[in-house]
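> here's a sequence, model it:
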Amino acid sequence: MKFSKQWYTLFLLAILMLSLQGCLGVDEDSNSFQNRGADKNGQQIQINTASQAKFTGKIYFTLDRNLYVLDDNLKLTQVTQGMDVRDPAVSPDGKWVAFVQRYKDYSDLVYMSTNPLDHTIHTVVTGDGQYTPNGNGENTYYWFAQPAWSADSHLLFLSDLQKNFYWNSLGGVYASAYFLDMQVFSLPINVSLTAQQAIDQAQAIGYAVFGDGGDRDPSYRPNHPEQAIYTTFQYDPTSSQQVVQIVLEDTTLVTGARSQQYHPGTDPSVPLTPNTPNLVNFQPAFSPDGNTIAYVQRVNATSMSIYTMPIAEGVANDPNNPAFNPTDPANLQKALVPYNTQAVKLLTDQLVSQPVWSPDGKELLYYGYQNNNFDIWLATLDKDHKTSKVSMKPNSQIRLTQSNGQLNADSRAAWAP
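Numbering: from 1, shown residues only. Model (predicted):
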């Protein structure tokens, strides 16, 4: 009987170890991590040199608010110094990297060459301004965040450009309080504007609903230059529960003849995830072919998952039908079909975020949390060409960095060829 209990205990321990291995991915050999430079506190940044962690291209990310690039020879190069850098995004041709330079009261939207010999910072728009003395808090400082490139060198970005009672004609809360919620805008990169100039020149792409923070995670859809995706945050009709959805939009509807009918609180975006209160799906990232997204779902207070799903075609607009209504109930149901029937869970962990596809679509980068630190992880993907479902190769996830707490998990990474 004693032998049986010991065997049973060993069996349970073996099952537990297998389960943990399934969650954490490939076993790590501490000897495979090699130093690639130190942060400002002298802590070494280590990169995994194991064969399972190999990748192709260049990965841009931020450590201690400095921009770094890691190439496929595992050379880690610091790109900026003495700046507060957020959300790098590499242009489709690989020649430029845009990012946000953050200050105490505002931020700037800037870009620079990916040529390591050119350190020139080009400003698209600055949020610098001033406070109104003896006023009610009114100011001309503005925030910019999360730039993303279009195929024609425009930048999508988030901003509170319309905060100062710009929409007071809508009445209600819009006329009685500052509209601080972030919305999605677009500007060409060959400009250098103040925020006051950008208010008139920036094109609003994604409107927000007052009160819950607005939009985030904007990006254009590859091979569909007229379409953009982003996450919306708003409260339900009771104003007591949060509704978070990933939406797809044909941007020509807000820039063309029908644009006048749209404003904060109403736009032509089509939800790709349901409006279930407190169900959070966010951080969508397009595959290189534009047919699939990876996204994060908050499962509960202690765990999060990464999913993939294909995009329903023809739901954002129908160029052959001038009367097309993207918010028609039948169209809205069509847009949700992939979420309801084709979504694939890749992994679940305590905290995961910021998924990014490799340029060839065969790997996924994400931020994972272990031992009280965020680090960059990689996972290998498998695509079923019959069903278009994208799954993760079992136990393929592996940690790429040991950053000693210096990885900025609130700042997206970018993966360039």
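> show me where this protein has helices.
2-24, 173-176, 195-201, 252-255, 329-341 (DSSP state H).
> wouldn't Asp152 be in contact with Pro225 here?
Yes - using CB atoms under 8 Å, Asp152 is in contact with Pro225, at 7.2 Å. C-beta coordinates here come from the backbone N, C-alpha and C atoms, glycine included.
> with neighbour numbers in mind, choose between those two.
Pro225 (15 against 10; other CB atoms under 10 Å).
> so the more buried one sits against Ala151, correct?
Yes - shown here, Pro225 and Ala151 form a contact pair, counting by CB under 8 Å, at 4.9 Å.
> excluding its backbone neighbours, what's nearest Leu253?
Pro268 (4.2 Å; CB to CB, 6 or more residues apart in numbering).
> any idea how far that neighbour is from Lys389?
Relative to Lys389, Pro268 is positioned 28 Å away (CB to CB, to the nearest Å).
> who has more neighbours out of those two?
Taking other CB under 10 Å, Pro268 and Lys389 do not tie; Pro268 has more neighbours (24 against 18).
> and the more buried one, what is it in contact with?
249-250, 253-254, 258, 262, 316-317, 326-327 (CB atoms under 8 Å, 6 or more residues apart in numbering).
> flag the shaky bits of this structure, pLDDT-wise.
Across the chain, the ranges flagged by pLDDT under 70 are 1-30, 38-42, 135.
> for stretch 393-409, buried residues please.
By neighbour count with 16 or more other CB atoms under 10 Å, stretch 393-409 contains the buried residues 395-409.
> do stretch 184-191 as well
184-187, 189.
> just stretch 312-321 next, same as before
312, 315-317.
> next: stretch 288-295.
288, 290-295.
> where exactly do the strands run in the stretch 151-300 of the chain?
154-159, 183-188, 193-194, 203-206, 214-221, 224-235, 242-250, 270-271, 280-286, 292-300 (DSSP state E, counting those that start in this stretch).
> same deal with the stretch 1-150 of the chain?
Going by DSSP E, counting those that start in this stretch, the stretch 1-150 of the chain shows strands at 33-38, 44-48, 58-63, 66-71, 76-78, 85-90, 96-102, 107-113, 122-126, 144-149.
> direction included, what does the fifth one pair up with?
With DSSP bridges as the criterion, the sheet partners recorded for strand 76-78 are strand 66-71 (antiparallel).
> angle of the partner strand against strand 85-90?
On the basis of axes from the mean of the first three to the mean of the last three CA atoms, to 10 degrees, strand 66-71 is oriented at 30 degrees to strand 85-90.
> extract the CA atoms of strand 66-71 and return them as CSV.
Taking Å, rounded to 0.1, in the frame of the first residue of the first chain, the C-alpha atoms of strand 66-71 are listed here in CSV:
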residue,chain,number,x,y,z
ASN,A,66,15.1,53.6,-24.6
LEU,A,67,14.6,52.2,-28.1
TYR,A,68,16.6,49.1,-29.0
VAL,A,69,16.8,46.8,-32.0
LEU,A,70,17.7,43.1,-31.9
ASP,A,71,18.8,41.6,-35.2
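> so it versus strand 44-48, what angle?
30 degrees.
> contact partners of strand 66-71?
By CB under 8 Å, 6+ apart, strand 66-71 touches 36, 47, 57-62, 76-81, 83, 85, 88, 97, 99, 114, 400.
> which ChimeraX command selects the buried ones in the residues you listed?
Buried subset of those, written as a ChimeraX selection, criterion 16+ other CB under 10 Å:
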select :36,47,57,58,59,60,61,62,76,79,80,83,85,88,97,99,114,400
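> would you turn the contacts of Pro268 into JSON lines with distance to Thr140?
Shown next, in JSON lines, are the contacts of Pro268 (distance: CB to CB, whole Å):
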{"residue": "Glu249", "distance to Thr140": "29"}
{"residue": "Asp250", "distance to Thr140": "33"}
{"residue": "Leu253", "distance to Thr140": "30"}
{"residue": "Val254", "distance to Thr140": "25"}
{"residue": "Arg258", "distance to Thr140": "31"}
{"residue": "Tyr262", "distance to Thr140": "26"}
{"residue": "Ala316", "distance to Thr140": "35"}
{"residue": "Asn317", "distance to Thr140": "36"}
{"residue": "Pro326", "distance to Thr140": "35"}
{"residue": "Thr327", "distance to Thr140": "35"}
